[in-house]
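**Student:** Here you go, sequence then predicted model.
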Amino acid sequence: MRAPLALTLALLAACGGAPDQPPTNPPPRPLPSGSTSAAAAPPDAIAAASSFTTFTSARFDLALPLPEGASFRVDDRTERWLVARHDATSSVLLVRAWREDETMNHARCEARARTWRDLPTRDGRRLVSASRLGVPADHDTLVEILLGSAAPSAGPAEGFVLAFGGWAKRCFVYVFSTRDTSERVVMERLAVMASGSLARIRVQSDLAPRRSSSP
């Protein structure tokens, strides 16, 4: 089984698995068109995504797929990270690639990235899935799917995709965070981003920037 598919299946299993069998009784008749009942909620912009559009970052030399129609606001200039926000779903994606002066691996790249930015931690969160992906190409990237808030609360469900990769003297980081009142919706978003975005990232050339002395 390919890793992206395995990730998706693990996430779906964690949030309830396959739906229950339909009841034997016939479904209720639909309400008349003039009913005052509330309209069905629109599909989630990320969880329901079936197609993707590619954002090309010349700075990080990456082709980054994002859910089409979700209207992420991508900032690839203001900060030293690529930051993609989707306010309607309380979602944020952080991406960065760089070169080092020594041979790196995913653990060293993660340690370096955490000195530059406050990234989600594993403390107090449930590990749903952990796997290795060769993305970007040739990188040894550890991908972890986490659920839950670091601080106990009755607030919205939170979910994270943490991916740290290293190869030769290169590093790669992909961190997606989202929250919603429905844990299942959060898990579906994580599955979409892990299999449809992260797993399909491509390096455009051999021009990844070297690490700057400042964060």
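**Tutor:** Arrived safely.
**Student:** How is Ile46 assigned, secondary-structure-wise?
**Tutor:** Applying DSSP: H, G, I helix; E, B strand; the rest coil to Ile46 yields a three-state assignment of coil.
**Student:** Confirm that Gly196 lies within a helix, as I assumed.
**Tutor:** Yes: secondary structure assignment places Gly196 in a helix (three-state DSSP).
**Student:** Now do the residue nearest to it when sequence neighbours are not counted, the pLDDT please.
**Tutor:** Closest residue in space to Gly196, ignoring its immediate chain neighbours: Phe52 at 5.6 Å, by Cβ to Cβ, 6 or more residues apart in numbering. Just so you know, the C-beta spots here come from the backbone N, C-alpha and C atoms, and that holds for glycine as well. Looking at Phe52, its pLDDT stands at 96.
**Student:** same deal with the one 4 residues further on?
**Tutor:** Looking at Thr56, its pLDDT stands at 95.
**Student:** Can you verify it is assigned to a strand?
**Tutor:** Yes: counting by three-state DSSP, Thr56 is part of a strand.
**Student:** How many neighbouring residues does it have?
**Tutor:** 13 (other Cβ atoms under 10 Å).
**Student:** Wait, it touches Val74, no?
**Tutor:** No: using Cβ atoms under 8 Å, Thr56 is not in contact with Val74, being 10.4 Å away.
**Student:** what sits against His86?
**Tutor:** By Cβ atoms under 8 Å, 6 or more residues apart in numbering, His86 lies in contact with 45-46, 70-73, 92.
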